[in-house]
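> Provided below for reference: sequence and predicted model.
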Amino acid sequence: MTFDVEDRLAATLRTRADREVDADALLGGSLARGRRRQRHRRIGMALAGAGVAGVTTAALAAVPLVLSDGGGGASIGSAETPASPPGRIGQIGPDAEPPVRGAYPVPALAAQGVPGAADAPEKVGREPGNIHFRVEKLSLPVQGVTWAVQPDGVEEMTLSITGADGGPATGRVQLAAGKVPEPESSGPARGEPGGPVVTTEKPVHIGDRTGTLSVIEESGFTSYEVRWSPADGLEAIVGGFELDEADVIALAHAVRWDQAVRCAAPLQLTALPQGAGIKGCTVRFSTEDITWVPESVLTLNGPGAAMKVEMGGPFIPSASFSASPGDLPDRGWVGDGDQTLQIYSLDGVPVRLTPTGYPKDVAEMVANGLRMPAGTDPNKPETWPTSLTG
Amino acid sequence: MRAPSADRSKRPERSEGIRLIVNTAARSGRLSGVTFEEYVLTRGPALVRLARLLVGDDHRAEDLVQDVLAKAYPRWARICRTDQPDLYLRRMLVNARNSWWRRRANRELAVAEPTDGARPDASDPAADRDAMWRLVAALPDRQRAVLVLRFYEDLDDAAIAGILGCSAVTVRTHAMRALATLRGRVGDAGWPVREESKR
C-alpha cells in the first residue's frame, strides 16, 4: 500500500468529519434560532417604528446576565450551588433548554491586599501576577474563565458560559492603560471590506461614567461592545458573542474595579534567562462539566527573545500519546525543528516550554528551575503559590 | 424532555424520500420548492461535517451550522432561487467561521495545538491521521478551507473560488502553498512518506 500527502490528507479529513450527525437535533436547533431571529427582527422593527428603539433587547431579556453582589464573592472551590444545575457546554438542538438563571460564581483567585484599578490605575498591565478587576457572579451558568495579563499590558477576562438560549456564549472584559489595542487578526480589520462593521453607536451609563455601546455586524452575526473609561487614564471594553445587548451591559455594570484577581501557576520559576522577566500570565479555570483542567501560561521576555512556559491544561488530546504513556520518556523536544521542550510530568504537572530566540540550553535551564512549593496541589489552584517566581 | 430516538424512529421512510428529492435537486443546483426542513434533514449533516473540519471542534461546528441555518431560515425562499444554494450556504458557513469573535474565542479557548504531545507511531494509522490533522489545523484559515473544500468536499477550483469569494488562481495558489507546507512538515516529522504514488 502506498501513500502520499494528498491520500493521507483525504483520509484524515474523512476520519475527522465523517461521524454521525443528528439531523433532527440540527433541524430543531436551527428552527428555534431562526424563528427567534425572525421574532427579534419583527419586534425590533415594530419598536423602532414606534420610536422606542433600544428597549428591544432589554424587554426580551428582562433578567440581567450578572447579579450584583455586595461583596465576598466566590473563589476557587467555593462554588455555590445554583437553583438548578447548568446544562453541559455545547448542548444544542431541541434538547438545549434555556438555562436556569441563578447565581453562578466566576472562578477566580482573589488577590488579597492588592488594590483594584480604581485605587491604583497606574498598576494596570504592569503586574503579570494581578488582574485589577473582578466579576464575581453571573446569572448564567459558567463553564470556564480565563484571567490574563497580556504581554502588551491588556488585562483580560474571558468567560465561557451557557447563553440565554442554551448554546455556548462568550463574554469578555478588557482593561488597559490608555487605549485597549485592536486585536491581532488574520482577517479584515474593522471597517475594511468583509470586516466587522459598527452599525450603531449610542451612549450608555456605567456607574457614574458614560461609555459607548456599539452594535457590530460581521458575517451576519451581531455582537455588542461597551467601551468606556472606568478610571482616569484607563479604557475598558466589555463585549460578548451570543450575548444580547442587555447581557453585555449587565456584564459591564458587574465589573468591580475595587478588587483584584491573582494570575497564578502551580510551579514557580526559579531560573530566568539573563535580563528576562515575566511579561504575561494566563490562567484558565473550568467547572467540572468540561474537560479543561487548570492551566497557566507564563510569557518571558528578554532582549530580542521570548519564551512561553505552559503548565497543566488540556495537554494530551492526542490518542497517539495517551495510548501508551508508559513507553514515553520523561521529557523531549517536539514540534517542527524541535521548537518545544515537553516535560510529561513535573510533580504531576505537564509542562511545555517554547523559546523564540533563545537556544535550547536556556529553555532547559528554565525547565530545570521549575519548583513546586510545599503544600501545592496542582489540581487545587487555591493552593498555588502567590508569587510566580521563587 | 423529548425522546429523540422515538421521533427518529418515525422519520426514516419520510427522510429517505426527501433525501432523494433534495439530493437530486441539489446536484442539479435547483432547490426551488424544497422546504427548509427538508433541506436541513438531508443536507444539514453535510454542512456540519464541513464545519467540523473548518473549526476543529464538534460543538462549535454544530453551533456554527445552526447559526448559519438560522440566518438562512427567514430568507429560505430567496436562497432556493439562487443558482447554487448549496454553495451559497457553504459560503455563509465559511464567512461565519471567520467571524471576529469566534476567532478570538478560539484563540483563547483552543484545546489543541499542532505542537503538543503528539508523537505519531508510524505503524498506527490513527496516530498518523491525528498528526496530519494537527498540521492541517495549524494552516492559515484560507489554506485550510481550500484543502477541506478540495479534498473533502471534492469541489473544483471554480466552485471553491465561488465559496471563498476569490479567483480560481488564488485557490490554486492557496492549495499549492498548503500542500507544500504539509509535505515539508511531514518530512521534518519523519513520518513514512512513500513516494511511489504522487498524483
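Received the coordinates, thanks.

> how about the helices of chain B, start to end?
B:4-9, B:12-27, B:36-55, B:58-72, B:76-80, B:85-97, B:100-109, B:125-137, B:141-151, B:157-164, B:168-189 (DSSP state H).

> Using TSV, lay out these together with distance to A:Lys308.
Where C-beta positions appear, they are placed from N, C-alpha and C, glycine not excepted. Output for those, formatted as TSV (distance: least, CB to CB, whole Å):
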stretch	distance to A:Lys308
helix B:4-9	43
helix B:12-27	46
helix B:36-55	24
helix B:58-72	24
helix B:76-80	45
helix B:85-97	26
helix B:100-109	14
helix B:125-137	18
helix B:141-151	22
helix B:157-164	32
helix B:168-189	20
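
> could those go into JSON lines alongside mean pLDDT?
Shown next, in JSON lines, are these (pLDDT from 0 to 100):
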{"stretch": "helix B:4-9", "mean pLDDT": "33"}
{"stretch": "helix B:12-27", "mean pLDDT": "42"}
{"stretch": "helix B:36-55", "mean pLDDT": "90"}
{"stretch": "helix B:58-72", "mean pLDDT": "86"}
{"stretch": "helix B:76-80", "mean pLDDT": "74"}
{"stretch": "helix B:85-97", "mean pLDDT": "81"}
{"stretch": "helix B:100-109", "mean pLDDT": "41"}
{"stretch": "helix B:125-137", "mean pLDDT": "77"}
{"stretch": "helix B:141-151", "mean pLDDT": "91"}
{"stretch": "helix B:157-164", "mean pLDDT": "82"}
{"stretch": "helix B:168-189", "mean pLDDT": "82"}
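
> What pLDDT does the model give the residue nearest in space to the middle of chain A?
Chain A has A:Thr158 as the residue nearest its centroid, 3.0 Å off, counting by CA atoms, centre = their mean. Looking at A:Thr158, its pLDDT is 87.

> and if you look at A:Glu288?
With respect to pLDDT, A:Glu288 scores 45.

> now the one 3 residues further on
pLDDT for A:Thr291: 35.

> Which helix or strand contains A:Arg284?
Counting by DSSP states H and E, the element that carries A:Arg284 is strand A:277-286.

> Just the C-alphas of that strand, formatted as CSV.
What follows is strand A:277-286, C-alpha atoms only, in CSV (Å, rounded to 0.1, in the frame of the first residue of the first chain):
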residue,chain,number,x,y,z
GLY,A,277,11.3,39.0,33.2
ILE,A,278,7.7,37.6,33.3
LYS,A,279,5.6,39.9,31.0
GLY,A,280,2.4,37.9,30.7
CYS,A,281,0.4,35.4,32.6
THR,A,282,-2.8,33.5,31.7
VAL,A,283,-4.7,31.1,34.0
ARG,A,284,-7.7,29.1,32.9
PHE,A,285,-10.2,27.5,35.3
SER,A,286,-13.3,25.5,34.5
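
> That one - contacts with which helices or strands?
Contacts defined by 3 or more CB pairs under 8 Å, 6 or more residues apart in numbering or on different chains; DSSP states H and E place strand A:277-286 against strand A:142-149, strand A:295-302.

> what lines up beside that strand in the sheet?
If you go by DSSP bridges, strand A:277-286 pairs up with strand A:142-149 (antiparallel), strand A:295-302 (antiparallel).

> With mean pLDDT as added columns, please give the ones you listed in a markdown table.
Output for those, formatted as a markdown table (pLDDT from 0 to 100):
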| stretch | mean pLDDT |
| --- | --- |
| strand A:142-149 | 85 |
| strand A:295-302 | 81 |
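
> mind putting those strands in TSV, mean neighbour count included?
Output for those, formatted as TSV (neighbours: other CB atoms under 10 Å in any protein chain shown):
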stretch	mean neighbour count
strand A:142-149	24
strand A:295-302	22
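
> Mind checking what secondary structure the nearest residue to A:Lys179 once chain neighbours are set aside has?
Using CB to CB, 6 or more residues apart in numbering or on different chains and skipping residues adjacent in sequence, the residue nearest A:Lys179 is A:Glu235, 5.2 Å away. Here A:Glu235 is recorded as strand under DSSP: H, G, I helix; E, B strand; the rest coil.

> Any idea how many residues pack against A:Glu235?
20 (other CB atoms under 10 Å in any protein chain shown).

> ok now do it, which residues does it touch?
A:Glu235 makes contacts with A:Leu175, A:Ala176, A:Gly178, A:Lys179, A:Val180, A:Arg227, A:Trp228, A:Ser229, as judged by CB atoms under 8 Å, 6 or more residues apart in numbering or on different chains.
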